[in-house]
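Student: Here is a sequence with its predicted model. Questions after.
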Amino acid sequence: MPATLRPSGTLREIVGGQAEVQVETGRTVRETLASLGIVPEMIALVVVNEEQRPKDYVIKEGDVIRVLAVIGGG
Amino acid sequence: MDGYGGRILRIDLTTGKSTKEPTPVDLARDFIGGRGFGIYFLLKEVPKGADPLGVENKLIISSGPISGMMIPGGGKCDWTTKAPLTGGYASASMGGHFTAEMRYAGLDSIILEGISPKPVYLFIDDEKIELRDASDLWGKDTFAVEKQFKDKLGEEFQVAVIGIGGENLVPYACINHDFGRQAGRGGVGAVMGSKKVKAIVLHGTKSIPVADKDGYRKAGMALYKACKDAEGLKDWTRYGTTIVTSWCDEVGALPTRNFSAGSFEDGKNLYGPVMREKIVITDKGCFGCPSPCGKYSRNKKYNSFVEGPEYETIGLMGSNLGIDDIEAVAQANLLCDELGIDTISTGNAIGWAMECYEKGIFTKKDTDGLDLKFGNVEATFTLINKIAHREGLGALLSEGVKRASKKVGKGSEKFAIQVKGMEQSAYATHNATAMLLAYMTCDVGAHHNRSWAITYDLQVGRELVTPEKVARVIWLQNFRPMFDVLGGCRLQWVELNIDRELYVPALEAITGIHRSWQDLEKVGERIWNLTRLFWSRENEDFGRVWDLPSPRFYEEAPKSGATKGQITNFEDVNILLDMYYEQRGWTTDGLPKPETIESLGLKAMVA
C-alpha cells in the first residue's frame, strides 16, 4: 500500500488541484515535496498519521501525510 | 447608511464635552472604515508639527463595515495617531470584542481630543456617554482594571485599558483589551496616557443596518463554510501563530541574540508543539472567529495565567534574548501585558541592551548592576519593569532603540534593529530581500503585517532582487491592510487560504456598494500614499534615508544557523528602493510625485 500526501490550500494548485497524491515510500518528506515541485522550505508543518514529524521523516507504507504551507504569513 | 453605525463620537477631554456627528457618506465611500478613517482624520485634523503627546494630537479609534458582523474575523478595530515612538504615522490593529460593541453603540469612530485635567475613563452605554473619574484606577495594572470593570458592569461591557507604561508615556506603550489582546505598536498607549484616559468601557445594543439581509446571510455562511472546510483549520487552531516558530528557525528567520542570526541552537524548546504540551490549556478567539489563534496558557513555573505567547513574543522575548524556556517567555509576555508595553519593541530594546553589555559598551554601572548577558531571564523580568516605570537603564530603553543608541553611540546604532524608529518584529532578514524591503517601506516602521513577503522570497529565490519581488511587496501592502480598513482579521485568508473573493458579496450585501478586490486594492494604494505624505509632512528631512534598514542586514552576515554567511549587500538595498519608488510613482527620494497624488484622486486631501 503506497502512502498518501494531502497538500493544503494553495499547495494543491502545484499538484494539479488534487486533494490527495499517492507518493513513494522510502523517501523523506523533504525529497517527496521537492519531487512534486513544492519548495520544502515553504512548509511549516508536517503531520504524519496525526503526529507532527520533521521533514526528514522517511515515508512508510500506509502513511497519511498532511503538509501545511505558510503562504500568507502572520 | 447601510453597513455603518452612522456616528462619529468626539470626546474633548480638555472641556469634558462630547459630540456626535453623522459619519460622512463620502468618507465611507472613499475610505470605507478602520485605518481608512484613521488616516483621513489624522491628516485633516492633527496640525503639522503636533507633539504626539501634546494637546493637538488625537487618538482615532475606528471600526469597519465587517466589524461586529457575522463574518469570520469581524473583531478588529484600528487605533490611529501620530506616533510618539517614531514621530510619524501609527496605526495599531486590535482584536477581541471591543469593535463589535462600538458598532452596537452606533459608533464608527471615537476620536479622543485634547487632554483631561485629571485621570478619567470614558464610559459608553448606547446613548449614555460620560467621562468618569479614574483617580483610583491610575497606577493599577491592566488586568486588575479590566477585571474590576467586568465584575462591576458585567461581561458584555468591553474594556480597553492602558497600564503603567501608558501612564508613564513609554513611547511604545500599548492598549490592552480582553485580558491579552493589544493595540500594540507605535505608542498608542502613550497617547492615551498623555490624554489622562485610563480606559474606555463600552456596551451597545443597536443593530447595524444592512443593505441586503438575505445576501448577507448567504455570503457570511459561505465564508464560515470555507473556513470550516479548510484543510489547515485543525492545525492552525491547535498552534495559532506559533506554527511558524520551528519554520522560522529552519529558514533562518527566527531573531536570535538581537538579530545577529536567524536560527537559535536551542530553538526547539520554543516550538509550537512544545508550548502546546507544556503550558497551553485552551484556545481563545476574537469576535465571530472560526479559527481561534489565541492560546491561553497556565504557567506552572511562575504560577500565572496568560494569553499567549504568540510567535512575535516568542521571537523577541525568547530567541532574540537567548532564552530557550517557553515558560519564561510566557511570564515576560504577562509582565508586558500587565504593564501595558509592546512585547515586540520591549524584547528588541532588551536585546540591544544585552548586546551592548556583551560588547562592553555597557558595564554593570550602566545596567543598574544587572548581569545583562543573553539568556538572563531574571534580568529580563527586571528590565521589563524598569522600562514601564522608566527607571535606571529602563528609562533609556523606554525611548526605543533608535533614540537610545543615538544617545549611547559607540557603534551601538549599527545594531539598533529598527526602521523609522520602530523596532523590527520577529523576522530576521539577512537574506530575504522581499521581506527586507517590506520592513524598509512599511508605513509604521519595521512591522511585518502589511507585507509578509518572506515565503515569496523562499518560493522564487531569497537573494534575488527583481522588479517582480518589488511588485509583490507593493501588492501585499495595498491588499493586506485592507482587512484593517474593513474591520476584519486577515488570518482566515492568511492561514486557512480561503478564497478572498468570498468577501466581495459579503461587503456588498452589508454596504450596498459593489467593490471588487481591484477596487479595494486601489483604496489600499490611496491610503498607503496618504500615510507616506503624513510622514513627510511631519518630518522635514523625511526621505530615502528613513527607509534604510539596520546595517546588521547588509553588513553582518550571521555566523551560524540557516543563513550563515548570507547577507544582502548595500547596493542591492538601494536597487530595491529604486525599483520600489519607481513602481509606486514616487521620486527617487521616496516621496509621492504630484502626478501620482493626482491620479489617485488625493489632491484635495493634501492641498
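Tutor: Ah, there it is.
Student: Show me which residues of chain A sit near chain B.
Tutor: Residues of chain A that fall close to chain B, judged by Cβ under 8 Å from any Cβ of the partner chain: A:6-10, A:19, A:39, A:41-45, A:47, A:52, A:66, A:68-74. C-betas here are computed from N, CA, C, even on glycine.
Student: Point out the ones among those that are inside helices.
Tutor: Counting by DSSP state H, no part of the residues of chain A next to chain B is found in helices.
Student: among those, which are in strands?
Tutor: A:Arg6, A:Pro7, A:Ile43, A:Ala44, A:Leu45, A:Val47, A:Gln52, A:Arg66, A:Leu68, A:Ala69 (DSSP state E).
Student: will you turn these into JSON lines that also has pLDDT?
Tutor: Formatted as JSON lines, these follow (pLDDT from 0 to 100):
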{"residue": "A:Arg6", "pLDDT": "89"}
{"residue": "A:Pro7", "pLDDT": "84"}
{"residue": "A:Ile43", "pLDDT": "90"}
{"residue": "A:Ala44", "pLDDT": "88"}
{"residue": "A:Leu45", "pLDDT": "89"}
{"residue": "A:Val47", "pLDDT": "91"}
{"residue": "A:Gln52", "pLDDT": "86"}
{"residue": "A:Arg66", "pLDDT": "91"}
{"residue": "A:Leu68", "pLDDT": "87"}
{"residue": "A:Ala69", "pLDDT": "83"}
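Student: Can you name the two of the residues you listed that sit furthest apart?
Tutor: A:Pro7 and A:Gln52 (16.5 Å; Cβ to Cβ).
Student: of these two, who's got more company?
Tutor: A:Pro7 (24 against 18; other Cβ atoms under 10 Å in any protein chain shown).
Student: Mind listing the residues bridging to that one?
Tutor: For A:Pro7, the beta-bridge partners are A:Val67 (DSSP bridges).
Student: Toward the C-terminus, what is the element adjacent to the longest helix along chain B?
Tutor: Ranked by residue count, the top helix of chain B under DSSP H comes out as helix B:517-538. For helix B:517-538, the succeeding helix or strand toward the C-terminus, using DSSP states H and E, is helix B:552-555.
Student: List the contacts of that next one.
Tutor: Here helix B:552-555 makes contact (Cβ atoms under 8 Å, 6 or more residues apart in numbering or on different chains) with B:259-260, B:414-415, B:417, B:429-430, B:436, B:567-570, B:572-573.
Student: same question, stretch A:30-42
Tutor: In this structure, residues lying in contact with stretch A:30-42 by Cβ under 8 Å, 6+ apart are A:5, A:7, A:11, A:14-15, A:21, A:23-24, A:27, A:29, A:43, A:55-56, A:59, A:65, A:67, A:69-71, B:250-251, B:455, B:458-459.
Student: can you pull the buried residues of that stretch?
Tutor: A:Arg30, A:Glu31, A:Thr32, A:Leu33, A:Leu36, A:Ile38, A:Pro40, A:Glu41, A:Met42 (16 or more other Cβ atoms under 10 Å in any protein chain shown).
Student: I figured B:Leu548 hits B:Leu576, correct?
Tutor: No: using Cβ atoms under 8 Å, B:Leu548 is not in contact with B:Leu576, being 10.6 Å away.
Student: Now do the shared contacts for these two.
Tutor: B:Met440.
Student: Can you give me the distance of the residue most central in space within chain A to B:Arg10?
Tutor: Central residue of chain A (Cα atoms, centre = their mean): A:Val67, 4.4 Å from the mean position. Separation of A:Val67 from B:Arg10 (Cβ to Cβ, to the nearest Å) stands at 51 Å.
Student: Find the least confident helix or strand in the chain, judged by mean pLDDT.
Tutor: Going with chain A. Here the helix or strand of chain A ranked lowest by mean pLDDT, DSSP states H and E is helix A:11-14, holding a mean of 80.
Student: I was thinking of chain B, sorry if that wasn't clear
Tutor: Least confident helix or strand, chain B: helix B:491-496 with a mean of 86, by mean pLDDT, DSSP H and E.
Student: Touching, A:Val29 and A:Tyr57? I think so.
Tutor: Yes: with contact defined as Cβ under 8 Å, A:Val29 reaches A:Tyr57; the gap is 5.2 Å.
Student: And the contacts of the least confident helix or strand of chain A?
Tutor: For helix A:11-14, the external contacting residues (Cβ under 8 Å, 6+ apart) are A:Pro7, A:Gln18, A:Ala19, A:Leu36, A:Gly37, A:Ile38, A:Val67, A:Ala69.
Student: Identify each of the strands in the stretch 401-550 of chain B and give its residue range.
Tutor: Ranges of strands within the stretch 401-550 of chain B are B:418-419, B:422-423, based on DSSP state E, counting those that start in this stretch.
Student: Common neighbours of A:Val29 and A:Tyr57, please.
Tutor: A:Val46, A:Val48.
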